[in-house]
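1. coords below, sequence missing:
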């Protein structure tokens, strides 16, 4: 499949998005500007492999977390919809010249694991995969541990660290987030490229758990 990356927007737009997000930086350790940059890099790689429209994927990737709702908030499921609304408002304000606002909005809305909105387009699938890859592997593990510390959650349940006889509860135990979410992500990947990378990163998480089990039991 041929890629649509031949129509890459002027790089000044990516600088503008970066500056805009820095101005409105989130205090969420797991959704900082470096997370955004990694998702953009993932999205570009997947777009190139899958032939997605970069004029949709690029702004959606940069702005997908421009509104962040705390994980403990009852409005958490609305975060991606609110981010899509804010992203489109910014694109209109700064006169984004390439159109495709509906496609960009849908990609942002559908990227969220919590929202559960099915991606209807290839571009939405690419962004969803790009974001979920950043929740896997060494980066995903690091983000999980950072957020657990920020929320002052204990690392694991001493009685059953690996959820062998209990239901995981990541509102109490940081390690449980792997069982609640991270280890389920591989099965949700949409594109062949995303699936391959998710398998590799999931294997890393499984190796980590095996090493941790060897050390604490």
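-> Here it is on my side, so go on. Remember, it's a predicted structure, so these values are computed and weren't measured experimentally. Numbering: from 1, shown residues only.
2. surely residue 81 is in contact with residue 109?
-> Yes: counting by C-beta atoms under 8 Å, residue 81 touches residue 109, with 5.4 Å between them. For the C-beta atoms, the positions are set from N, CA and C on the backbone; glycine is no exception.
3. quick one: common contacting residues for these two?
-> Shared contacts of residue 81 and residue 109 (C-beta atoms under 8 Å, 6 or more residues apart in numbering): residue 115.
4. so for the two, which sits in the more crowded spot?
-> More crowded of residue 81 and residue 109, by other C-beta atoms under 10 Å: residue 109, with 23 against 17.
5. contacting residues for the more buried one?
-> Contacts here follow C-beta under 8 Å, 6+ apart; on that basis residue 109 touches 80-81, 84, 115, 117.
6. what about it, is that helix, strand or coil?
-> What DSSP: H, G, I helix; E, B strand; the rest coil gives for residue 109 is helix.
7. how about it: what's its closest non-neighbour residue?
-> Sequence neighbours aside, residue 84 is the residue nearest to residue 109 in space, at 4.7 Å (criterion: C-beta to C-beta, 6 or more residues apart in numbering).
8. can I get the contacts of residue 109 in a markdown table with distance to residue 192 and pLDDT?
-> Shown next, in a markdown table, are the contacts of residue 109 (distance: C-beta to C-beta, whole Å; pLDDT from 0 to 100):
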| residue | distance to residue 192 | pLDDT |
| --- | --- | --- |
| 80 | 24 | 85 |
| 81 | 28 | 89 |
| 84 | 26 | 91 |
| 115 | 24 | 77 |
| 117 | 22 | 86 |
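9. from those residues, which land in helices?
-> With DSSP state H as the criterion, helices contain 80-81, 84 from among the contacts of residue 109.
10. now, of the contacts of residue 109, which are buried?
-> If you count burial by 16 or more other C-beta atoms under 10 Å, the buried members of the contacts of residue 109 come out as 80-81, 84, 117.
11. which pair of those residues spans the longest distance?
-> Based on C-beta to C-beta, the longest span within the buried ones among the contacts of residue 109 runs between 84 and 117 and measures 9.9 Å.
12. quick one: distance of the longest helix along the chain to the chain centre.
-> Ranked by residue count and defined by DSSP H, the top helix of the chain is helix 192-216. Centroid separation for helix 192-216 versus its chain: 17 Å, with C-alpha atoms, centre = their mean, to the nearest Å.
13. contacting residues around the residue nearest to the spatial centre of the chain?
-> Closest to where the C-alpha atoms of the chain average out (C-alpha atoms, centre = their mean) is residue 131, at 2.6 Å. Residues near residue 131 by C-beta under 8 Å, 6+ apart: 39, 42, 64, 111.
14. shouldn't residue 168 be within a helix?
-> No: assessed with three-state DSSP, residue 168 is coil; it does not lie in a helix.
15. residue 44 and residue 52: what is the separation?
-> Separation of residue 44 from residue 52 (C-beta to C-beta, to the nearest Å): 10 Å.
16. those two - which one has more neighbours?
-> Each of residue 44 and residue 52 had its neighbours counted (other C-beta under 10 Å), and the higher figure belongs to residue 52 (27 against 20).
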